[in-house]
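[1] let's see this in three dimensions:
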Amino acid sequence: MVVASRRHTLAGELLVLQLAIVVIVLVAVAAVSLAQSKATFDRVEGRRVTALAEEMAGNPLLRSQLVRPAPAETLAPLLQTRLTQSNVTSVTVADARGEIVASTNPTLVGTPLPVAGPSVAQARGWSGELPVDGVRHLVAQVPVLGEDRDHIGEHLGTVMIGRVSPSVWQRLSGASSYLLAYLGIASVLGVAGSWLLARRIKRQTLGLEPREIAGLAEHREAMLFGIAEGVIALDPHLRLTLVNEVGRRLLDLPEDCVGMSLSDLGIGGRLYDVLAGTGGGERDAEPGAERRDEVVVRRGRVLVMNRMDVTKDGRRLGSVTTLRDRTELAQLERELGSFRSSTELLRAQAHEFSNQLHTISGLIQIGEHDEVVRYVRALRKHRESLDLTLTSRVRDRAVAALLMAKSALAAERKVRLRISERTALDRLDPTDSADVATVLGNLVDNALDAAAAADPDGEAWVEVELRQDASSVEIVVRDSGPGVAPELAQEVFSHGFTTKAARGGDRGIGLALTRLVCTRRGGEVSVSNTQEGAMFIAWMSVGQLTGPETERVR
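    Numbering: from 1, shown residues only. A predicted model of the protein is given here:
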C-alpha cells in the first residue's frame, strides 16, 4: 500500500523558508567576518613585521658581518634572539646576490631568497604574502645598506621577517569567542521571527493553506463567471472588492470599478440603501442588515437584490449582494395581464351570475313570477348602463375591457368602482394602449387592496379618471383607503411596494413597473393624500417612447 506523503502546512513552509534565509545570512556574516579578520591581520601584522625588518636591517652587527665571508655563524644568535623576542615565524638574511646566508630555518641557507618582483634586487622594500618553504607567510623584505666609509650606501643584502598566515579554521577559532555567540543570537532571533511571521500570515489567510487558497480562487472564478446572476462584494468601507460580468452589466459599472467606493461610482438612492444595508423601506433596519428580495429599478431594469453580511470569528468582512434581472419577467407579466384580466372578469361574472340565478330560482320557487321579470329587467338595465358609460367615455377597447374586469372584481370584493364624469379616452395605438393598461391595472389593484382592507362593510370605493390630450394621457386613481404615509410617498415606487407592502405586507413590483413605464415615456407617477384617501396620478406621452432605454417593458 502506498502512503501519500503528508503535505507541508503554510506555517511549516514559511518556517523552513525563513530558516534557510537565516542560514544564508549567517554564512554571509561569517564570510564577511573572516574577510575582515584577514584584512585586520594583514594590516596589523604587516606593519609589525615591516618595523621589525627595518630595525633588523639597521643593526650595525648585521651590516658589518654581511661584508665578511661566512656570516652565518655570527648572525645565527642574532636571528634567533629576534625570532624569540618578536613572536614571528622566520627571520632570514640574504646577501646582495639574493642568496640566503643566514636563517632561523637552516634548510633555507644557500637557497635563493623568494621575492615577488625585481624591486627587492634594486634595494627597495616590499611586504606581502609569499610562499616560504611551501607555507604562505606574511613577510616584509627590507634592504641592508652600508654606512661605513668603504661601503656607504651600498646594497649589502636583504632582511626578510615573516609570519605564517592563519588558515580559515584558525581565524574561525580565534573569532569563536564572539562570532559563535553572535551567530547563536541571530539564529534564535531568526527562528522566533519566522514563527511569528508564519502565525501572522496564517491568521491573515483565515487559517487556509496555499492549496486551499488556490482551490478557492479557482472555484470562485468558476462560480462567479459561470452563473446568470450578478454578484457584488463590498468591504466594510463600502468599496467594491469583487463584481462579476453580469453584475457589472446590470448596474452599468465601469471595467475598473473594483476598489472604488459606491460614492465614487455615483451610486445613490435606493440602490445605495440596498447595497449598504441601510435605510430603505424598513425604517427600523440597522446598518448592515440583511435584505431579502429587494426590488430596485436601475436605468430601465427591474432588479431583485438579496444582501447578506459576511463575518468570520465575529469580525465583519463586508457583504455580498446578488442581483436578478426581473425585466423579462415584468415583460411577461404585462403580456399576460390581458389574459389575467379576462380570467378575473369571467370568475367575477360567474360568481355574480351564480348569485343572480339563486335569486331568480328563489323567486320562482315562491311564485313571484312578476318579481322575476322586474329583477331581470333591472339587471339588464344596470349592465347596459355600465357598458354605455364605459364605451362612451373610454373608446379604447383594451382599456375598457380592463376596467370592465376590474369592475366585476371590485363588486366581488364589495368595493364600488366609479368612472369619473371627466373621463375621456380615445382609441390608442396598440403599444400605447398596452402601456396605459399596465399603469391603470397596477394602480387600480393597489387602490382596491387599500379600500377593501380599510372598509370591509361595503362602503369602500375607487374612482378612476382618464384624461387625454394631443400627446399625453393622464391617469388618476382615488380610493377611500387610509392613504400612504408621507415618508413612504416616494419609496412605494422606488422599492416596488404595493399599498399592502407599505403597511408591512409582501412586496411586489407593480408600482416599480408603473414608474418604469411612465419614465420610459417621459412621464412620472406620484401619490398624495386627500381628505378621503390616497390619490395616485400618472401621466405619460403617447405616440413614441421618450425614455433612454431601448428595451420595451412588456
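[2] kindly check the end-to-end length of stretch 63-70 for me.
    One end of stretch 63-70 to the other measures 13 Å (C-alpha to C-alpha, to the nearest Å).
[3] pLDDT weak spots in the stretch 151-300 of the chain?
    Under the criterion pLDDT under 70, the flagged ranges of the stretch 151-300 of the chain are 151, 170-180, 182-183, 206-207, 209, 220-226, 279-291, 300.
[4] strands of that one, residue ranges please.
    Counting by DSSP state E, counting those that start in this stretch, the stretch 151-300 of the chain has these strands, from start to end: 155-164, 230-234, 240-243, 291-298.
[5] deepest of those strands, which one?
    The highest mean neighbour count among those, using mean count of other C-beta atoms under 10 Å, belongs to strand 155-164: a mean of 24. From N, CA and C alone the C-beta is placed, and that goes for glycine too.
[6] quick one on the thing from earlier: make JSON lines from the strands of the stretch 151-300 of the chain and add distance to residue 30 to it.
    Converted to JSON lines, the strands of the stretch 151-300 of the chain look like this (distance: least, C-beta to C-beta, whole Å):
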{"stretch": "strand 155-164", "distance to residue 30": "22"}
{"stretch": "strand 230-234", "distance to residue 30": "50"}
{"stretch": "strand 240-243", "distance to residue 30": "47"}
{"stretch": "strand 291-298", "distance to residue 30": "63"}
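[7] those strands: which one's closest to residue 201?
    Nearest of the strands of the stretch 151-300 of the chain to residue 201, taken as C-beta to C-beta: strand 240-243 at 19.7 Å.
[8] give me the sheet partners of the closest one and which way each runs.
    In the sheet, strand 240-243 lines up against strand 230-234 (antiparallel) (DSSP bridges).
[9] in CSV, list the C-alpha atoms belonging to the strand it pairs with.
    The C-alpha trace of strand 230-234 is given here as CSV (Å, rounded to 0.1, in the frame of the first residue of the first chain):
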residue,chain,number,x,y,z
GLY,A,230,-24.9,39.3,-10.8
VAL,A,231,-22.7,39.2,-7.7
ILE,A,232,-21.2,42.2,-5.9
ALA,A,233,-18.9,42.1,-2.9
LEU,A,234,-18.2,45.1,-0.7
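[10] for the longest helix belonging to the chain, what is the average pLDDT?
    For the chain, the longest helix by residue count, based on DSSP state H, is helix 10-57. The average pLDDT within helix 10-57 is 79.
[11] show me what it is packed against.
    For helix 10-57, the elements it packs on are helix 72-86, strand 126-132, strand 135-145, strand 155-164, helix 168-204, judged by 3 or more C-beta pairs under 8 Å, 6 or more residues apart in numbering; DSSP states H and E.
[12] need the winner for burial among those.
    strand 155-164 (a mean of 24).
[13] partner strands of that one and their direction?
    Using DSSP bridges, the strands paired with strand 155-164 are strand 90-95 (antiparallel), strand 135-145 (antiparallel).
[14] figure out how far the longest one is from the centre of its chain.
    Centroid separation for strand 135-145 versus its chain: 72 Å, with C-alpha atoms, centre = their mean, to the nearest Å.
[15] cool, and the first one?
    The gap between where strand 90-95 is centred and where its chain is centred comes out at 79 Å by C-alpha atoms, centre = their mean.
[16] okay, it in PDB with CA atoms only?
    What follows is strand 90-95, C-alpha atoms only, in PDB (Å, rounded to 0.1, in the frame of the first residue of the first chain):
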ATOM      1  CA  SER A  90      61.100  33.200  10.500                       C
ATOM      2  CA  VAL A  91      64.000  35.600  10.200                       C
ATOM      3  CA  THR A  92      66.100  35.400   7.100                       C
ATOM      4  CA  VAL A  93      69.100  37.300   5.800                       C
ATOM      5  CA  ALA A  94      70.300  37.200   2.200                       C
ATOM      6  CA  ASP A  95      73.400  38.800   0.600                       C
END
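[17] and the angle for that strand with helix 72-86?
    Interaxial angle of strand 90-95 relative to helix 72-86 (axes from the mean of the first three to the mean of the last three C-alpha atoms, to 10 degrees): 150 degrees.
[18] and the angle for strand 90-95 with strand 126-132?
    Counting by the same axes, to 10 degrees, strand 90-95 points 100 degrees away from the direction of strand 126-132.
[19] same question, the longest one
    For the pair strand 135-145 and strand 126-132, the angle between their directions (the same axes, to 10 degrees) equals 130 degrees.
[20] what sits against residue 464?
    Residue 464 is in contact with 403, 417-420, 423, 440, 444, 475-477, counting by C-beta atoms under 8 Å, 6 or more residues apart in numbering.
[21] who does it bridge with?
    With DSSP bridges as the criterion, residue 464 is bridged to residue 419, residue 477.
[22] and it, how far from residue 535?
    Using C-beta to C-beta, to the nearest Å, residue 464 is found at 11 Å from residue 535.
[23] mutual contacts of the two, please.
    Taking C-beta under 8 Å, 6+ apart as the contact rule, residue 464 and residue 535 both touch 476-477.
[24] would you agree residue 70 falls within a strand?
    No. Residue 70 is assigned coil when assessed by DSSP: H, G, I helix; E, B strand; the rest coil, not a strand.
[25] I'd like the domain boundaries of the protein, if you could list them.
    Following automatic domain parsing, one finds the domains of the chain at 12-170, 225-325, 331-541.
[26] what's near enough to touch the nearest residue to residue 193 once chain neighbours are set aside?
    The shortest distance from residue 193 to any non-neighbouring residue, by C-beta to C-beta, 6 or more residues apart in numbering, is to residue 18 (7.0 Å). By C-beta under 8 Å, 6+ apart, residue 18 lies in contact with 190-191, 193-194, 197-198.
[27] including distance to residue 273, could those go into TSV?
    Output for those, formatted as TSV (distance: C-beta to C-beta, whole Å):
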residue	distance to residue 273
190	52
191	52
193	47
194	48
197	42
198	43
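[28] show me which pair in those residues is furthest apart.
    Between any two of those (C-beta to C-beta), the greatest distance is 12.4 Å, for 190 and 198.
[29] isn't residue 165 up against residue 41?
    Yes. In this structure, residue 165 is within contact of residue 41 by C-beta atoms under 8 Å, at 7.3 Å.
[30] and for the two, which residues touch both?
    Here residue 165 and residue 41 have residue 138 as joint contacts, going by C-beta under 8 Å, 6+ apart.
[31] now stretch 51-65, how far from the centre of its chain.
    Centre-to-centre, stretch 51-65 and its host chain are 82 Å apart (C-alpha atoms, centre = their mean).
[32] next one: stretch 419-426
    With C-alpha atoms, centre = their mean as the basis, stretch 419-426 stands 57 Å off its chain's centre.
[33] what's the closest of the domains of the chain to residue 217?
    Between residue 217 and these, the tightest spacing by C-beta to C-beta is seen for domain 225-325, at 11.4 Å.
[34] residue 518 - that's part of a helix, no?
    Yes. Assessed by three-state DSSP, residue 518 belongs to a helix.
[35] what's near enough to touch it?
    Neighbouring residues of residue 518 by C-beta under 8 Å, 6+ apart: 439, 524-525, 538-540.
[36] cutoff 6 Å now
    For residue 518, the contact set (C-beta atoms under 6 Å, 6 or more residues apart in numbering) comprises 524-525, 538, 540.
[37] of the residues you listed, buried ones?
    The neighbour count (16 or more other C-beta atoms under 10 Å) marks 525, 538, 540 as buried among these.
[38] could you pull out the helices for the stretch 201-350 of the chain?
    Secondary structure of the stretch 201-350 of the chain (DSSP state H, counting those that start in this stretch): helices at 210-224, 245-250, 269-276, 327-335, 337-365.
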